[in-house]
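*Asks:* Here's my sequence, what's the structure:
(2 chains)
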Amino acid sequence: MDDADAIKRCQQGDREVFRHLVERYQKRAVAHAFAILFNRDDAEDAVQEAFIDAFKAIATFDTSRAFYSWFYVLLRNRCYKMTAGRRPTESLDETLLVSSQQGMADDTRLAIEKALHSLTREEREIVCLKYFSGLSYDDLATHLQIPRGTVMSRLFNARQRLKTKLAGVLIREQEV
Amino acid sequence: MKELSCEDVLMAQMAAADGEEPAFSKEQLAAHLTGCANCENELKLLLALDRVLVSHTVAEQHVDLWPGIENKIAKPVLGWRPFALIGLLLIIYKLLEMLPARDLGLAFKLVPLVIVTLLFVFIKENPFRINTELVMER
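*Replies:* As a prediction, this is how the structure comes out:
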């Protein structure tokens, strides 16, 4: 069953079909929420609440649009609500990344995680969407509801900060 | 022709590295890079950053959010009518009880208890259940 069919059936009141959408997107959504919140439990709570928001608003969804980019806006709102007024966490207790390359040092992964943690949530979000979800600039603009030019400049600023934080790692990488 | 800044050039070069259409022509970018050692060095670092990030993926963990979501979306919203009906029944009971010189027996006295029990059955709640879903404020 594709998304459009599932959504049409949900719009007709079939709750059970919503399960397909949850199961299809929950893993991706938790990874995205985790990139913003940097806490697994909070990420799962935010995704759960965002799916409930999506279910309540499903009648207004235009089936010609992609479900996930619509849902992502709800998810972001949930994540931002959760972080509003909360101090950023000092430490990283959970693993965000795994190296897909054999022989990549674990301290490199840790350094990347720490560097990502030091970014603003908007910068971290765009970097994670770009690198770990493989979104194009146009997709980023749609997901984040910002113009393409802002995508480029935000990504540039995030990269500049990461470059500074990861100077040691990058020098090693250049030597390889 | 507009003079390109180092930021323009680096942004455009990274857009090209990302497989996107850069805002400036290859010739313009190359002309700037050959005369700007700083940009050349910066670009090397940015490309190294790109390689390092690309070689990592998000750690996958088992997630099953459906049971929690199902519970919340399956709860039908109760309208006001059942509660209004129960209220009305209780008022009628009270009025009957107030009638003078009428002893309707023990069964009649149990009517409110039956009504309240039916209410809990109807809303599918156990009044004796300890709520374990309370979350402590962080």
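*Asks:* quick one: residue A:106 from residue A:99, how far?
*Replies:* Distance from residue A:106 to residue A:99, counting by Cβ to Cβ, to the nearest Å: 8 Å. (Glycine included, C-beta is placed from N, CA and C.)
*Asks:* more neighbours, the two?
*Replies:* Between residue A:106 and residue A:99, counted using other Cβ atoms under 10 Å in any protein chain shown, the more crowded position is residue A:99 (16 against 8).
*Asks:* wait, what's in contact with the more buried one?
*Replies:* Going by Cβ atoms under 8 Å, 6 or more residues apart in numbering or on different chains, residue A:99 touches A:106, A:108-109, B:55-56.
*Asks:* For chain A, which segments count as helices?
*Replies:* Counting by DSSP state H, the segments of chain A that form helices are A:3-11, A:18-37, A:40-56, A:67-83, A:106-118, A:121-131, A:137-144, A:148-165, A:167-175.
*Asks:* whoops, I mixed them up, chain B
*Replies:* Assigned by DSSP H, chain B shows helices spanning B:6-17, B:26-35, B:37-54, B:66-74, B:81-98, B:105-109, B:111-122.
*Asks:* The spatially most central residue of chain B: what's it in contact with?
*Replies:* Relative to the mean C-alpha position of chain B, the nearest C-alpha, by Cα atoms, centre = their mean, is the one of residue B:69, at 9.7 Å. Neighbouring residues of residue B:69 by Cβ under 8 Å, 6+ apart: A:18, A:22, A:48, A:51-52, A:55.
*Asks:* quick one, domains of chain B?
*Replies:* Here chain B is described, according to automatic domain parsing, as comprising the domains B:6-54, B:66-122.
*Asks:* related to what we said a few turns ago, and the helices of chain A: which comes nearest residue B:122?
*Replies:* Closest of these to residue B:122 is helix A:40-56, at 23.6 Å (criterion: Cβ to Cβ).
*Asks:* What parts of chain B come near chain A?
*Replies:* Taking Cβ under 8 Å from any Cβ of the partner chain as the measure of proximity, chain B contacts chain A at B:7, B:10-11, B:14-15, B:18-20, B:42, B:44-46, B:48-49, B:51-61, B:63-66, B:68-70, B:72-74.
*Asks:* Now do the helix or strand of chain B with the lowest mean pLDDT: distance to the chain's middle.
*Replies:* The helix or strand with the lowest mean pLDDT-type score in chain B, counting by mean pLDDT, DSSP states H and E, is helix B:105-109 (a mean of 81). How far helix B:105-109 lies from its chain's middle: 50 Å, per Cα atoms, centre = their mean, to the nearest Å.
*Asks:* Quick check: chain neighbours aside, which residue is closest to the residue nearest to the centre of chain B?
*Replies:* Spatial nearest neighbour of residue B:69, chain neighbours left out: residue A:51 (5.0 Å); criterion: Cβ to Cβ, 6 or more residues apart in numbering or on different chains.
*Asks:* And for residue A:166?
*Replies:* Of all residues not flanking residue A:166 in the chain, residue A:115 sits nearest, at 5.2 Å (Cβ to Cβ, 6+ apart).
*Asks:* ok, residue 126 - how many residues close by?
*Replies:* You didn't pick a chain, so chain A it is. Other residues close to residue A:126 by other Cβ under 10 Å number 25.
*Asks:* Switch to chain B, please.
*Replies:* Each residue near residue B:126 was counted by other Cβ under 10 Å, and the total is 8.
*Asks:* I'm done for today, thanks for sticking with me.
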